[in-house]
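J.: what follows is a predicted protein model with its sequence.
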Amino acid sequence: MGKHLDTQKPQRTRRQTRARATPSVRCTAARCAELKRLEFTLDSIGDGLITVDTRRRVTFINRAAQQLTGWQKADALGQNIAQVFRLINFKTRQPVADPVQIALAEERTIGLPTDTALVAKDGSEYLISSSIAPIYSHAGEITGAVLVFRDITRLRQAEYALREAQQFTASLIENSLDMIIALDQERRIIEFNPAAERTFGYSRGEVIGRDVSMLYAEPKEGEKVSQAARVLGHITIEVWNRRKNGEVFPALVSVSQLKNAAGEIIGMMGVSRDITEFKRAEEHRIRTERLSALGRMAAALAHELNNPLQAIRSTLDLMLDFPLSPEEREASLRIIHQEIERLGEVTERILRFARPTPALRRMISVAESVRQTVRLANKHLQQMRIQFTQEIQEVPPVLAAPEQIVQVFLNIILNAIEATGEGGHIHIATSTEDKWAVVSFQNDGPIIPPEEIPHIFEPFFTSKQDGTGLGLYVAQSIVQQHGGTITVENTGRERGVKFTIRLPIVAGIADSSV
């Protein structure tokens, strides 16, 4: 709209049209009625319409034009169009040249420049689109001009808002620290932001239009990610990408469907980040924690082995350095034998810890395993006068080795009995949570110091004077071998500890028991 719109001029020239006679027209009743009907019609249309004579004086103004200009019909008729139809450039605030004068002078239809605003009588402003065309008589003479215009303020505001939104979105993509890559339906790259250029080493021009598989260390992995995003709508996953120089690196990517205004899927968009440094830091942390755990395990193991060895050595020194009666000698030998057996037990526990014996698994009822465990622990519960409550619900079966699951439950119950002490309270509950069979053991014993909770399942870690530190580690190992998890949390400020075990329910079976 920055230029005036031309239309084809009439074939006759001014001189030819003026040479022809203009017959006088008598206003019959029928013709007057027709003219009145025409006026009503023009008055009813939604666009503003103004007609002027050759001296640019207003000869007609319809209702829509009156509303937009703020001029009533009685006041506008006879006024110069420049007074009624006052135009400025919305952005520069400069007046716009009288388009009626141009249309009459050049004898053609013209349009208004872009960003033209109509200033109403009360000072209100409306962005408008308009066309101004000469009016010709039957004889082909120009008798005036007609202006047809409409308010496009909301349309332009929407266009401006859309343009700003597009610029904002483009700025986000351009300046994002994360890689943003968009694909079409055929998985061809259609967007590749600067962060992606820096990370992969490709320029935007090198990848646009190419299959996204080129960015994966293993192309089939890219196909699986796209397929999962199509099915689920959104997926966040860790993948391995490949840079232009061939270097492989880990990335965390979030892939979502791209949809148009009609809700139709038109492609995919991935937002990802190179997590190489994060993985290195994580590996360093794990390595440090393992070394720390290994140190604690070595110290505990040395303590476990040193005690019986010290007893054996002391007893042998006594036998070698002092004359002993037969009774004393026999007692010393019994001590040595007892301590050797103790060493054997420690060694056996270590071997079981290092090489757990595989067990046959079958479909079992978690609720029944809990009941069996309670029967085994009942004597201890009675001796310590433990207040015992339970909420045992039947849950779908799990695939497990029953002896190992009972071993895990029993270990936690016995630990709870020891923690609560005489007269304590233990509550056991079973439930279903998504695809998990859940068993919780809650006691009212003293809380576990927060600094010890991260280490509670580490081998040889124990707060007991005579503990081995292997019970909870073995329990966690068994649960993890079954595809489950075991967690611990304090439920109060001073007292209350809860162990929660989750075991995967057998797929396709729900609300049943074995």
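T.: That came through, no problem.

J.: so for Glu221, what's the pLDDT?
T.: Per-residue confidence (pLDDT) for Glu221: 84.

J.: how near is the closest residue to it other than its chain neighbours to Arg280?
T.: Leaving aside its chain neighbours, Glu221 sits nearest to Val239 (6.0 Å; criterion: CB to CB, 6 or more residues apart in numbering). C-betas here are computed from N, CA, C, even on glycine. As judged by CB to CB, to the nearest Å, Val239 and Arg280 stand 17 Å apart.

J.: one more: Asn306?
T.: For Asn306, the distance to Arg280 - CB to CB - is 38 Å.

J.: quick one: the residue nearest to Glu221 is in a strand?
T.: Yes. Assessed with DSSP: H, G, I helix; E, B strand; the rest coil, Val239 lies in a strand.

J.: what bridges to it?
T.: Judged by DSSP bridges, the bridge partners of Val239 are Ala251.

J.: how close does it sit to Phe192?
T.: 17 Å.

J.: please apply the same query to Leu410.
T.: Leu410 is 58 Å from Phe192, by CB to CB.

J.: look at the two and report which has more neighbours.
T.: Phe192 (24 against 19; other CB atoms under 10 Å).

J.: measure that one to Ser176 for me?
T.: With CB to CB as the criterion, Phe192 and Ser176 are 12 Å apart.

J.: equivalent analysis for Glu418, please.
T.: Counting by CB to CB - Glu418 and Ser176 are separated by 55 Å.

J.: ok, now Ala74?
T.: For Ala74, the distance to Ser176 - CB to CB - is 61 Å.

J.: who has more neighbours out of the two?
T.: Set Ala74 next to Ser176 and count neighbours by other CB under 10 Å: Ser176 wins out with 14 against 8.

J.: so the more buried one makes contact with Glu197?
T.: No. Assessed by CB atoms under 8 Å, Ser176 is found out of contact with Glu197, at 11.9 Å.

J.: quick one, strands of the stretch 201-350 of the chain?
T.: Ranges of strands within the stretch 201-350 of the chain are 234-242, 248-259, 265-274, based on DSSP state E, counting those that start in this stretch.

J.: read off the pLDDT value for the residue nearest to Glu221.
T.: For Val239, the predicted pLDDT is 89.

J.: residue contacts, it?
T.: Tyr216, Glu221, Gly222, Val225, Pro250, Ala251, Val253, Ser272 (CB atoms under 8 Å, 6 or more residues apart in numbering).

J.: give me that answer again for 10 Å
T.: Applying CB atoms under 10 Å, 6 or more residues apart in numbering to Val239 gives the contacts 215-218, 221-222, 224-225, 249-253, 255, 270, 272.

J.: any stretches of the stretch 251-400 of the chain with poor pLDDT?
T.: Within the stretch 251-400 of the chain, the stretches with pLDDT under 70 are 289-301, 303-304, 349-359.

J.: what ranges do the helices span in it?
T.: Shown for the stretch 251-400 of the chain, the helices assigned by DSSP state H, counting those that start in this stretch span residues 276-321, 326-354, 366-383.

J.: can you check the stretch 51-200 of the chain too?
T.: Counting by DSSP H, counting those that start in this stretch, the helices of the stretch 51-200 of the chain are 63-69, 73-76, 81-84, 99-106, 153-175, 194-200.

J.: distance to Thr92 and mean pLDDT for the ones you listed - can I get that in CSV?
T.: Below are the helices of the stretch 51-200 of the chain laid out as CSV (distance: least, CB to CB, whole Å; pLDDT from 0 to 100):
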stretch, distance to Thr92, mean pLDDT
helix 63-69, 21, 94
helix 73-76, 27, 94
helix 81-84, 19, 94
helix 99-106, 17, 94
helix 153-175, 15, 84
helix 194-200, 35, 94
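
J.: and those: which comes nearest Leu333?
T.: With CB to CB, the closest approach to Leu333 among the helices of the stretch 51-200 of the chain belongs to helix 194-200: 72.6 Å.

J.: packing partners of that closest one?
T.: helix 153-175, strand 179-184, helix 204-207, strand 234-242, strand 248-259, strand 265-274 (3 or more CB pairs under 10 Å, 6 or more residues apart in numbering; DSSP states H and E).

J.: of the ones you listed, which is nearest Met363?
T.: Of the helices and strands packed on helix 194-200, nearest to Met363 by CB to CB is strand 234-242, at 31.9 Å.

J.: in that closest one, what's buried?
T.: For strand 234-242, the neighbour count (16 or more other CB atoms under 10 Å) marks Ile235, Val239, Asn241, Arg242 as buried.

J.: go on, stretch 40-52?
T.: Leu42, Asp43, Asp47, Gly48, Leu49, Ile50, Thr51, Val52.

J.: where does confidence bottom out across the residues you listed?
T.: Out of those, that is Asp43, at 83.

J.: now the helix or strand hosting it, how far from the centre of its chain.
T.: Under the criterion of DSSP states H and E, Asp43 resides in helix 29-44. Offset of helix 29-44 from its chain centre (CA atoms, centre = their mean, to the nearest Å): 63 Å.

J.: same for that helix, what does it pack against?
T.: Using 3+ CB pairs under 10 Å, 6+ apart: helix 29-44 touches strand 48-53, strand 58-61, helix 63-69.

J.: relative to strand 48-53, how tilted is it?
T.: Here helix 29-44 points in a direction 130 degrees away from that of strand 48-53 (axes from the mean of the first three to the mean of the last three CA atoms, to 10 degrees).

J.: which residues touch helix 29-44?
T.: 25, 27-28, 49, 51, 60-66, 73, 146.

J.: CA atoms of that helix as CSV?
T.: C-alpha atoms of helix 29-44 as CSV (Å, rounded to 0.1, in the frame of the first residue of the first chain):
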residue,chain,number,x,y,z
ALA,A,29,-41.7,9.5,-9.3
ALA,A,30,-40.3,6.1,-10.2
ARG,A,31,-36.8,7.5,-10.7
CYS,A,32,-37.0,9.5,-7.4
ALA,A,33,-38.0,6.3,-5.6
GLU,A,34,-35.1,4.4,-7.1
LEU,A,35,-32.7,7.1,-6.1
LYS,A,36,-34.1,7.0,-2.6
ARG,A,37,-33.7,3.3,-2.5
LEU,A,38,-30.1,3.6,-3.7
GLU,A,39,-29.4,6.2,-0.9
PHE,A,40,-30.9,3.8,1.7
THR,A,41,-28.7,1.0,0.4
LEU,A,42,-25.5,3.1,0.5
ASP,A,43,-26.5,4.3,3.9
SER,A,44,-26.8,0.7,5.2
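
J.: ok now the helix or strand containing Ala475, how far from the chain's centre?
T.: Using DSSP H and E, Ala475 sits in helix 471-481. Distance of helix 471-481 from the chain centroid (CA atoms, centre = their mean) equals 34 Å.

J.: confidence score at the closest residue to Gly445 other than its chain neighbours?
T.: Using CB to CB, 6+ apart and skipping residues adjacent in sequence, the residue nearest Gly445 is Ala419, 3.4 Å away. If you check Ala419, the pLDDT there is 88.

J.: out of the helices of the stretch 251-400 of the chain, the one nearest Ser440 is which?
T.: Nearest to Ser440, of all these, is helix 366-383, at 10.4 Å by CB to CB.
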